[in-house]
Every structure is written in C-alpha cells, then in structure tokens.
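**Q** Got a predicted structure plus its sequence, pasted below:
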Amino acid sequence: MTDAGSAAGLTVVHDAAELVVGPDEGTGVVVLEDAAFAALDGEVVAVGPTDEVLADYPVEDAETAIDATGKTVLPGFVDPHTHALFAGDRSDEFVAKLQGATYEEILADGGGILHTVDAVREASDDELAANLTDHLDAMLAHGTTTVEVKTGYGLDTETELRMLSAIDAAGSDHPVDVIPTFMGAHAVPRGADAEEYTESVVSDQLPAVAAQGTAEFCDVFCERGVFTAEQSRRILEAGRDHGLTPKIHADEFAAIGGTDVAAAVGAASADHLLHTDDEGRDALVDAGVTPVLLPGTAFGLGADYADAGAFLDAGHEVALATDFNPNCFARSMSFVATLASVGMRMTPHEAIRGITSAAAGALDRDDGTGTLRAGAPADAVVLDIPTASHLSYRFDTNPVSTVLKSGVVARE
C-alpha cells in the first residue's frame, strides 16, 4: 500500500455523483457513482468508490482536495484538430455564406485560408503567440487540457517556421499541453500551382521544419481543388521520412482518395470524413487510422454531418474535435459533444469517449491521456452537472467548475 500521508503532491477529488474512468468494452465509457480519484505527483494512483479511495488517501493528507458532491468528473478534454494560431478576422465570410456563397467559392476568390495567410504574414511573432494564448485560455476554461495546433497560414518556409515557434512559445507557458502539427500543405498560395507548391513543401519546408524540431505531426489538405491524393501522399511520406507522423484532412467536400492515402502512410488520424464511403471506412479501420469527426465544421457551414454511426458500426474509435479556426470559431469541446449527439446521433457516452480517450488516440497518446485510470496523467474536469449525459444535454452555459492539469488546479 502506498504511504499516502508521507507522499508529496497528493490530490484528491471525492464524492462525485458520477466519475468517468475511461472507455468500456463497447462504444461508451465506464462510469462510477459516488466516486473519487487520487493522484500523486500528477499521476492517478487510485480511482473507485469514495470511501475506498479516501481510506487509502485521506482528505486531510492532501495538498489539494476537491469536494465534487453533486457534480460529475471527467478526464480532461483532448482536442485533436485545431487551427488555433491565426490573425485577422473572417466574420465577413460568415455573412457571405449566409447569403449563399460556398467555402470553395470564397477560397477561389482569394478569401478563406488565403485571407488568413495575409494576416498571419503581417503579424509579429509576439502577436501570434499572444493570440494563441488567448485561445488556449478559453479552451482551458471549457475543460480542454490537451490540444493539437496546426500551422498552415504561412504557406512559405519562413512563416511556417514562425508559426511553429509561436506555438512552442505559447504552449511552453500554458497549463494546456500543446501538440504542434506542421501543415504547410493547407492551401496553394497565390501565384503557384499545386504541383510546384507540393515540391516546395517536400524540398524546402519539410527539411527546415525537421531541423527546427518543434512539430510532431505533418498534415495535408487532400481535397478537390487543393492537393490530390498523389500529392498528399508525397508530402506525408516525405514528412514521415523527416520523423513527422502523418495526419490528413480527407473527404470534407469530396472523396478523392484521402482515406486510401491515410491507410497507406499509416496516418495517426484522418479528419473531416463527411463524404467517406464504406470502402474508405474499411480502409481506415484495417490500417488502424483513427477517424476524427468535426461536427462544428458542418454546423458552421450548414452542411450535412459525418456519419458517425457508420464509423462506429465498422469498429472504429470515433474521435471528435473542434476544428477551431477563423472559419469555425468553436473552442468548447462540450459544445462539440452536443453537436455530436444532436447532429450525428452519438450517445452522450459515445461523445464523451470521442473528446477524451479516442481523441488521445488520434494524437498517438498511449500514456492514459483521456482517462482517469491508475497510471494516467491526472488531467480532470469537474463539471456542475449531475450526470455525464448532461454534457451533451446542456448547451446554454459552460458547465466547467474546476480543471486539473497533472493534479494541479489550472482553472476554477
């Protein structure tokens, strides 16, 4: 038995009405009632009924003790797909879409991603890092403890490296774990064609990104009018050769072979997937690629939602993410859970799994992130709701009461 009384850094969260431990053997989660967990030095050491946990880890011995009576405790939320580093504003495009303009038409007219590229290139390094810090603050306040942040608003070597430096700077000073992804292949810059720009990403940007050593993943927008399946595969294979794990935007507007690319290169995830068919789903599950569905994107575009049920029926873990960017201004994973339930008919427990353990899988996290099992990082969210199902059910206010990061109160 651990000598809890003599151990430093003891945190106890107790008397929760419900506590979500992690995934069950189906598509939902294991939920304990009248439950507690204890953490030592940032790691979960016990989880179970309150009386059992407190017998070994008494409240009076804890440096931090949180009474969660009447509340629900979940693992810290994991957001595996964002473009949270940007500058400028695109609310005018929101109005244009309401008047009938499509995303592709806006991009073709020089708006969309290219508009944000202009703003990012003009912003200072300090402005970029400060912008991201503001967004991380908002995400933390809504329960996110781990987030992936992509580049892709530079579209040249210098600015892409500046973006990675800003991601690193903001992340190093923030409680939220920030995971950097290089996405130089987010769009084709003005004055270039896709083929020559693909060569630039492979020959110029990727070697510089690898030398900098900040990025963990390499992503590409495999889409009609952007990068073909062949170009996407070249970029992701080159990134993999430089030590970057592949990820891919696929099948958002059309299925052009992105799921086959994801399977072939062993991508950690394939994201969007609004137009993925049965063959594409089978290719992903056979290759162990995690699908990341982004209901906020469909909501913001007024588009059809991805078929989450088909992915679940095919045997997939289904991860969920905000896709936070200037075109999808969503920083709340609890709202994503609501959209997953209302728009994609996922049960509340399936949605919770999607924003915790499944999302961690989409980021290749195998240390227990997204769970509150013994040995996992003590990242947790205490919510002012009586059951876990209320996370999807309530969408009028932020339900987060307290956020713990590595057992330390990061937000209350």
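**A** Looks like it arrived, so ask away.
**Q** Below-threshold pLDDT in the chain: ranges please.
**A** 1-8 (pLDDT under 70).
**Q** Which strand in it has the most residues?
**A** strand 10-23 (DSSP state E).
**Q** Does anything pack onto whatever helix or strand comes next after it? Which helices or strands?
**A** Toward the C-terminus, strand 10-23 is succeeded by strand 29-40 as the next helix or strand (DSSP states H and E). With contacts taken as 3 or more Cβ pairs under 8 Å, 6 or more residues apart in numbering; DSSP states H and E, strand 29-40 sits against strand 10-23, strand 43-49, helix 50-56, helix 348-354. Where C-beta positions appear, they are placed from N, C-alpha and C, glycine not excepted.
**Q** As JSON lines, these with mean neighbour count would be great.
**A** What follows is these, written out as JSON lines (neighbours: other Cβ atoms under 10 Å):
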{"stretch": "strand 10-23", "mean neighbour count": "24"}
{"stretch": "strand 43-49", "mean neighbour count": "20"}
{"stretch": "helix 50-56", "mean neighbour count": "17"}
{"stretch": "helix 348-354", "mean neighbour count": "27"}
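**Q** Of those, give the one that comes closest to A255.
**A** helix 348-354 (22.0 Å; Cβ to Cβ).
**Q** What's the first helix or strand after that closest one?
**A** Counting by DSSP H and E, what follows helix 348-354 is helix 357-362.
**Q** partners of the next helix or strand after that next one, with directions?
**A** Using DSSP H and E, the helix or strand that follows helix 357-362 in sequence is strand 380-383. Strand 380-383 pairs in its sheet with strand 72-75 (antiparallel), strand 400-405 (antiparallel), by DSSP bridges.
**Q** Could you export these as TSV, including mean neighbour count and distance to S124?
**A** Shown next, in TSV, are these (neighbours: other Cβ atoms under 10 Å; distance: least, Cβ to Cβ, whole Å):
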stretch	mean neighbour count	distance to S124
strand 72-75	29	36
strand 400-405	22	29
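**Q** nearest to T356, of the ones you listed?
**A** strand 72-75 (4.5 Å).
**Q** Send me the closest one as PDB with only the CA atoms.
**A** Taking C-alpha atoms only, strand 72-75 is exported to PDB below (Å, rounded to 0.1, in the frame of the first residue of the first chain):
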ATOM      1  CA  THR A  72     -19.600  15.000 -12.500                       C
ATOM      2  CA  VAL A  73     -15.800  14.300 -13.000                       C
ATOM      3  CA  LEU A  74     -14.500  13.600 -16.500                       C
ATOM      4  CA  PRO A  75     -11.000  13.100 -17.900                       C
END
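**Q** After that strand, which helix or strand is next?
**A** Downstream of strand 72-75 (by DSSP H and E), the next one is strand 77-79.
**Q** Show the subsequent helix or strand relative to that following strand.
**A** Assignment by DSSP H and E places the next element after strand 77-79 at helix 91-98.
**Q** So for that following helix, what gets flagged as buried?
**A** By neighbour count with 16 or more other Cβ atoms under 10 Å, helix 91-98 contains the buried residues E93, A96, K97.
**Q** From the contact counts, what lies against that helix?
**A** Against helix 91-98 (3+ Cβ pairs under 8 Å, 6+ apart) you get helix 103-108.
**Q** for the helices and strands packed on strand 29-40, which one sits closest to Q231?
**A** Nearest of those (Cβ to Cβ): helix 348-354, 30.0 Å.
**Q** circling back to that earlier point, adding distance to T245, write the strands paired with strand 380-383 out as a markdown table.
**A** As requested, the strands paired with strand 380-383 are arranged in a markdown table below (distance: least, Cβ to Cβ, whole Å):
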| stretch | distance to T245 |
| --- | --- |
| strand 72-75 | 22 |
| strand 400-405 | 24 |
